[in-house]
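S.K.: Structure, please.
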Amino acid sequence: MKHLDVLHEIKNNDIKPVYLLYGEESYLTRQVEEAIINAILGPDERDMNLTIFNQDPSVQDLTGMIETIPFMGGKNVIVVRGTALLKARKGNTDSEEQRAGGNDDLLIKTFSNMPEYSHVVLSTTEKVDKRRKLFKIIESGGRAVEMLPLKLNDVKGWLNGKLTALNKKMAPDAIEHLLGALSLMPQISLGFLDNELEKLALYSSGKVITLRDAEQVLASIPEVSVFAMIDALSQKQTGKALELLNEQLAAGDHPLRILALLVRQVRMLWQAKELGAQRLDSKTLAALLGVPPFIGEKIVRQSRNFSASALKQALLALAVTDFELKVGKADRTAIEKIIIEMCI
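M.R.: All right, here's what the predicted structure looks like:
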């Protein structure tokens with residue numbers, strides 16, 4: 001089950017007694033956790049009926065709290081963040097295994113017969129052992145939800161929801177600018193993205209966030225700068241490309257980080273150039289590049305302004321520069337030289 005399915009259940013007041021939220025996208029975990037708490041407890045009930053642990057309490061304390069009838073009625077919500085109750089038990093001694101097994105038995109008994117006045121939310125960014133009986137009990141009687149990082153193809157849907165919540169709209173070219181930069185990131189952090197959108201909403205004076213707003217607010221993010229730099233390179237705008245490079249270096253970004261982003265993007269341009277020659281449709285081409293269709297189309301358009309040999313030479317030059325930067329034989333001027341040569 002995905003986190004959106006769980007949020008839909010909660011919205012329909014279908015609240016389960018036990019939740020396990022696991023995986024590295026902590027932003028989604030907090031979103032679901034907050035939705036559960038808000039659905040069960042009013043603001044005036046939280047002081048008495050909400051308990052949050054940042055590590056596991058003893059199993060005896062946890063089960064005791066679950067079975068304790070709330071003072072003045074209502075319901076208990078017990079949140080345990082950073083739980084290790086479901087992790088794999090590699091390397092345990094016999095005595096540790098026996099103790100852990102006893103704890104599991106107690107938790108299995110409790111989670112199998114949860115009182116209607118208690119709800120438990122367990123969360124962890126670590127991997128969990130899905131073979132454990134405890135996991136299967138939570139999965140069958142409650143919800144076990146893996147919080148995976150959002151894929152680029154799914155960002156637009158999340159973005160639309162966030163903009164609606166902010167009572168804002170975003171111009172198509174501003175969305176393209178943002179998603180183009182995200183395509184350079186090996187992993188998208190929703191916490192980071194949420195923070196940047198909050199800043200954009202505050203910066204934007206009108207109801208619509210414009211491309212200029214996005215360029216101004218997101219300029220300090222290396223991926224945004226490199227994506228804009230490639231756009232400038234494809235239009236042979238040497239001055240603008242060098243200006244963007246110097247802004248990133250002045251902001252403290254290491255040349256090797258900028259170089260790595262350039263290598264990824266130039267390699268993608270080369271792939272687009274080769275795939276474009278096969279006359280593939282934009283959807284197929286974008287899927288092969290691992291980007292949304294409209295980003296794929298932009299990369300193809302950019303690639304048309306370079307010859308295949310120029311892109312190959314740029315990649316070779318970037319590889320040499322990477323080595324020379326690492327051994328101290330080159331500096332920022334080597335990257336500037338590559339940019340100038342790509343604009344010729």
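
S.K.: Only C-alpha atoms from now on, for both contacts and neighbour counts.
M.R.: Fine.

S.K.: residue contacts, S26?
M.R.: 125, 147, 191 (C-alpha atoms under 8 Å, 6 or more residues apart in numbering).

S.K.: Read off the pLDDT value for S95.
M.R.: What the model reports for S95 is a pLDDT of 47.

S.K.: Of the contacts of S26, select the buried ones using a PyMOL command.
M.R.: In PyMOL, this line selects whichever of the contacts of S26 come out buried by 16 or more other C-alpha atoms under 10 Å:
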select buried, resi 125+147
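
S.K.: mind giving me TSV with the contacts of S26 and columns for pLDDT and distance to E25?
M.R.: Listed next are the contacts of S26 as TSV, based on pLDDT from 0 to 100; distance: C-alpha to C-alpha, whole Å:
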residue	pLDDT	distance to E25
T125	93	7
M147	93	5
G191	87	8
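
S.K.: what packs against the helix or strand hosting L233?
M.R.: Per DSSP states H and E: L233 is located in helix 222-234. When contacts are defined as 3 or more C-alpha pairs under 8 Å, 6 or more residues apart in numbering; DSSP states H and E, helix 222-234 packs onto helix 172-182, helix 238-250, helix 255-276, helix 293-303, helix 332-343.

S.K.: try 7 Å
M.R.: helix 172-182, helix 238-250 (3 or more C-alpha pairs under 7 Å, 6 or more residues apart in numbering; DSSP states H and E).

S.K.: Helix or strand next in line after the lowest-mean-pLDDT helix or strand in the chain, which one?
M.R.: Lowest by mean pLDDT, DSSP states H and E among the helices and strands of the chain is helix 94-112, with a mean of 72. Using DSSP H and E, the next helix or strand after helix 94-112 towards the C-terminus is strand 118-124.

S.K.: send the alpha carbons of that following strand over as PDB?
M.R.: Taking C-alpha atoms only, strand 118-124 is exported to PDB below (Å, rounded to 0.1, in the frame of the first residue of the first chain):
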ATOM      1  CA  SER A 118      -5.500   3.000  21.600                       C
ATOM      2  CA  HIS A 119      -3.600   3.600  18.300                       C
ATOM      3  CA  VAL A 120       0.100   3.000  17.800                       C
ATOM      4  CA  VAL A 121       2.300   4.600  15.100                       C
ATOM      5  CA  LEU A 122       5.800   3.100  14.700                       C
ATOM      6  CA  SER A 123       8.200   4.600  12.200                       C
ATOM      7  CA  THR A 124      11.800   4.100  11.100                       C
END
